[in-house]
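Trainee: Attaching a predicted model along with its sequence, questions to come.
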Amino acid sequence: KNQVEQSPQSLIILEGKNCTLQCNYTVSPFSNLRWYKQDTGRGPVSLTIMTFSENTKSNGRYTATLDADTKQSSLHITASQLSDSASYICVVPNNAGNMLTFGGGTRLMVKP
Amino acid sequence: SQTIHQWPATLVQPVGSPLSLECTVEGTSNPNLYWYRQAAGRGLQLLFYSVGIGQISSEVPQNLSASRPQDRQFILSSKKLLLSDSGFYLCAWSATWTDEAFFGQGTRLTVV
């Protein structure tokens, strides 16, 4: 069964601190893994995509990693800002091209 | 450039009333179209997807239905709403299952 598990479910950090969000998946066959950011009351927006051959990719203060052997990805946020408060969702389509599996998301709150 | 429009943004409906949410996409042809529901504090649940006009696949049995009367139009309907239909409904499109999904702004539905 295709599954995507994210941890922690929620996280509170102080502004300026770093944090790391985790995503474990069992989707097979694997195609890619995307991290989305969803602001409250809005639709999710893609932050980054990781393909099978990529280990690390950065997008500003966001750095995603992928370990295809252990089927784990992480999203590291550096020097957090209040605007980083949102839900972060890990999404993995299967390579057969007929299914998307969403993680439950991590709700991040950055406090001043 | 491609854009996705979803309306209304908020909706309060009595139990037993009908529902019609509309989503349109501009700037692309033959997109995959999706309807998702998100309960408060929960992850995204795929309700319906469509890979072409008149082609609708349902992921979760319920009293909702979807239709795709035109290539870039996706409609979510119900003949009689239930309290449990309350939630945040998101329309999305992507070129294929493995491509980035672009989400609408969502509809906050409250059934009273």
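Mentor: That came through fine. None of these values were measured; they are calculated from a predicted model.
Trainee: can you give me the strands in the chain?
Mentor: Here I'm looking at chain A. Here chain A has its strands, by DSSP state E, at A:4-7, A:10-14, A:19-25, A:32-38, A:45-51, A:56-59, A:62-67, A:72-77, A:86-93, A:100-102, A:106-111.
Trainee: Wait, chain B was what I had in mind.
Mentor: Ranges of strands in chain B, per DSSP E, are B:3-7, B:10-13, B:19-26, B:32-38, B:44-52, B:55-58, B:64-70, B:73-78, B:87-94, B:102-103, B:107-111.
Trainee: which one of those lies closest to chain A?
Mentor: With respect to chain A, and counting by CB to the nearest CB, the nearest of the strands of chain B is strand B:102-103 at 2.9 Å. C-beta coordinates here come from the backbone N, C-alpha and C atoms, glycine included.
Trainee: for that closest one, what is the average pLDDT?
Mentor: The average of the pLDDT scores along strand B:102-103 is 94.
Trainee: same deal with stretch A:40-57?
Mentor: 91.
Trainee: Could you tell me the least trusted of the strands of chain A?
Mentor: Taking the mean pLDDT of the strands of chain A, strand A:100-102 comes last: a mean of 83.
Trainee: Can you add mean neighbour count and distance to B:F74 and give the strands of chain A back as JSON lines?
Mentor: Below are the strands of chain A laid out as JSON lines (neighbours: other CB atoms under 10 Å in any protein chain shown; distance: least, CB to CB, whole Å):
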{"stretch": "strand A:4-7", "mean neighbour count": "18", "distance to B:F74": "24"}
{"stretch": "strand A:10-14", "mean neighbour count": "13", "distance to B:F74": "32"}
{"stretch": "strand A:19-25", "mean neighbour count": "19", "distance to B:F74": "27"}
{"stretch": "strand A:32-38", "mean neighbour count": "22", "distance to B:F74": "20"}
{"stretch": "strand A:45-51", "mean neighbour count": "17", "distance to B:F74": "19"}
{"stretch": "strand A:56-59", "mean neighbour count": "13", "distance to B:F74": "29"}
{"stretch": "strand A:62-67", "mean neighbour count": "18", "distance to B:F74": "30"}
{"stretch": "strand A:72-77", "mean neighbour count": "20", "distance to B:F74": "30"}
{"stretch": "strand A:86-93", "mean neighbour count": "24", "distance to B:F74": "19"}
{"stretch": "strand A:100-102", "mean neighbour count": "20", "distance to B:F74": "16"}
{"stretch": "strand A:106-111", "mean neighbour count": "17", "distance to B:F74": "28"}
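Trainee: No more questions from me, cheers.
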